[in-house]
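1. can't give you the sequence, but here's the structure:
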């Protein structure tokens, strides 16, 4: 549904004297509960981080007297799972079922974004091309390469995907080619969406996600995320995205293709000629937009592009392994994680809150290119899917919480970074799963605000 330098090593030089040695040993033991790799370089056999302790690990030097029990026991939170971690010390300050894998809703997009940055890099772009068939004069082939942002909007207009590539630019290039090669009529337009394989709709998704405009079919050739209104974030989608793209392309070509037939097919193997090309915005732009608006379509396409890069089939069945392989070099322990899709729409996704908390430390510490994720996180009462949240009694947390929202039929989630009132950065994940209502979001915000107010004095009570 829609929403409104890595490193956990705390090795210190052992000082002279038995007492210093004992203190250092104690610090090392505490630090082992929340570890990850310290380098963005890939490793063939990275050592996975150990699971976090299921209970808080306070130190003797901090008085953890700030309780959030009232907020944490709000019935609106249904079955609560949550964790708060101080990333400077790796202490788990608050824990409610943090090691139990559960449905993530759209907080899954955090892992998808991380995988895309690791596998593809922030500057990766998708190219959509048109070919001419030398064996069949008058036949051209529009080949989709997995760019749902390709737009039918006219020159000078914007879709929901700012500065997206346009069919009209492809049409201009095709017409120029036709003029240069004395081609007066295009008789056939072949639409090739064969890059992606398997079902275009995940079986656990509800079809209402499509009709309400939250999710499109996942096909390699698509325009505007198959929205009926390319300028509306939530706009009904169809069951014929490939043919919709073809019709819009034929219209953009104008008179030369007025009588052309449209048919789905594949690129011929007999040395077709490239006659037009457009490129998407860089993947970093997709990621920021995906996180800000919780765009499910962008998430699913990113997941498939990751699968291709990892040498796997671009299908739903490959997403779990693809994302895990892409994240392998981060040292993130994905034991027990089940990934059914890239968007988090499936009720069958399973990620423990502590896993997301560990991932968020990589984001906080700008691991590899993960600054892109931090820049894309919605900000409480300011931007993206949090623009209208953290108001009223929670308004003091405005601007201090950066987090990804999540919503599925049976739960709401929130995961991100708190710049707490006492200046302590905290990592937090909240799952409210079960029988929930729209008011559950406010209860989540209230709990997150309580974390913000407590800061490093947060108690587990």
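-> In hand now; what should we look at? Quantities reported herein were computed from a predicted structural model and do not represent experimental measurements.
2. distance of residue 162 from residue 445?
-> 28 Å (Cβ to Cβ, to the nearest Å). (Glycine included, C-beta is placed from N, CA and C.)
3. what's the following helix or strand after the helix or strand bottoming out on mean pLDDT in the chain?
-> Here the helix or strand of the chain ranked lowest by mean pLDDT, DSSP states H and E is helix 18-31, holding a mean of 38. The helix or strand immediately downstream of helix 18-31 is helix 69-72, counting by DSSP states H and E.
4. ok so, going back, ok, residue 162 and residue 445, which is more surrounded?
-> Using other Cβ atoms under 10 Å, the more surrounded residue of residue 162 and residue 445 is residue 445, with 26 against 10.
5. Which residue ranges of the stretch 251-400 of the chain form strands?
-> Ranges of strands in the stretch 251-400 of the chain, per DSSP state E, counting those that start in this stretch, are 261-264, 273-279.
6. Pick the most buried one from those strands.
-> strand 273-279 (a mean of 16; mean count of other Cβ atoms under 10 Å).
7. Now that one: average pLDDT?
-> Mean pLDDT, computed over strand 273-279, is 98.
8. surely residue 168 meets residue 155?
-> Yes. Counting by Cβ atoms under 8 Å, residue 168 does reach residue 155; the two are 5.6 Å apart.
9. between these two, which one's more packed in?
-> Taking other Cβ under 10 Å, residue 168 and residue 155 do not tie; residue 168 has more neighbours (22 against 8).
10. And the more buried one, how far from residue 175?
-> Plainly put, residue 168 is 11 Å away from residue 175 if you go by Cβ to Cβ.
11. Walk me through the domains of this protein.
-> Using automatic domain parsing, the domain parsing of the chain gives 18-121+286-292+311-457, 127-281.
12. Can you lay out those as a markdown table showing distance to residue 303?
-> Formatted as a markdown table, the domains of the chain follow (distance: least, Cβ to Cβ, whole Å):
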| stretch | distance to residue 303 |
| --- | --- |
| domain 18-121+286-292+311-457 | 3 |
| domain 127-281 | 9 |
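13. Tell me which of these is the most buried.
-> Stretch with highest mean neighbour count among the domains of the chain: domain 18-121+286-292+311-457 (a mean of 20; mean count of other Cβ under 10 Å).
14. residues in contact with residue 324?
-> Contact partners of residue 324, counting by Cβ atoms under 8 Å, 6 or more residues apart in numbering, are 334, 337, 339.
15. With distance to residue 249 and pLDDT added, can I get these in CSV?
-> Putting the contacts of residue 324 into CSV (distance: Cβ to Cβ, whole Å; pLDDT from 0 to 100) gives the following:
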residue, distance to residue 249, pLDDT
334, 40, 97
337, 40, 98
339, 34, 98
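16. of all the residues you listed, which comes closest to residue 452?
-> residue 337 (27.9 Å; Cβ to Cβ).
17. and the gap between the closest one and residue 459?
-> From residue 337 across to residue 459, the span is 29 Å (Cβ to Cβ).
18. Flag the shaky bits of this protein, pLDDT-wise.
-> The chain contains residues with pLDDT under 70 at 1-61.
19. can you rerun that using 50?
-> 4-33, 35-55, 58-60 (pLDDT under 50).
20. I'd like to know which of the domains of the chain lies nearest to residue 302.
-> Closest of the domains of the chain to residue 302 is domain 18-121+286-292+311-457, at 4.5 Å (criterion: Cβ to Cβ).
21. so how far is that closest one from its chain's centroid?
-> A distance of 13 Å separates the centroid of the chain from that of domain 18-121+286-292+311-457, by Cα atoms, centre = their mean, to the nearest Å.
22. Check the contact lists of residue 168 and residue 175 and give me the overlap.
-> Common neighbours of residue 168 and residue 175 (Cβ under 8 Å, 6+ apart) do not exist.
23. Distance check, the residue minimising distance to the centre of the chain against residue 324.
-> Of all residues in the chain, the one closest to the mean position by Cα atoms, centre = their mean is residue 109, 2.6 Å from it. To residue 324, residue 109 is 16 Å away according to Cβ to Cβ.
24. One more: residue 363?
-> Following Cβ to Cβ, the distance that separates residue 363 from residue 324 is 18 Å.
25. and if you look at residue 383?
-> In terms of Cβ to Cβ, residue 383 sits 30 Å off from residue 324.
26. thinking again about what came up before, JSON lines for the strands of the stretch 251-400 of the chain, including distance to residue 187?
-> Listed next are those as JSON lines, based on distance: least, Cβ to Cβ, whole Å:
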{"stretch": "strand 261-264", "distance to residue 187": "7"}
{"stretch": "strand 273-279", "distance to residue 187": "15"}
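27. so which of those comes closest to residue 134?
-> Using Cβ to Cβ, the nearest of these to residue 134 is strand 273-279, at 6.3 Å.
28. quick one, phi psi at residue 171?
-> When read as degrees, to the nearest 10, the backbone of residue 171 gives phi -60, psi -40.
29. Next one: the spatially closest residue to residue 227 that is not a sequence neighbour from residue 216, what distance?
-> Nearest residue to residue 227, sequence neighbours excluded (Cβ to Cβ, 6 or more residues apart in numbering): residue 235, at 3.8 Å. Taking Cβ to Cβ as the measure, residue 235 falls 10 Å from residue 216.
30. if I look at the two, which residues touch both of them?
-> Common neighbours of residue 235 and residue 216, counting by Cβ under 8 Å, 6+ apart, are residue 227.
31. All set now, cheers.
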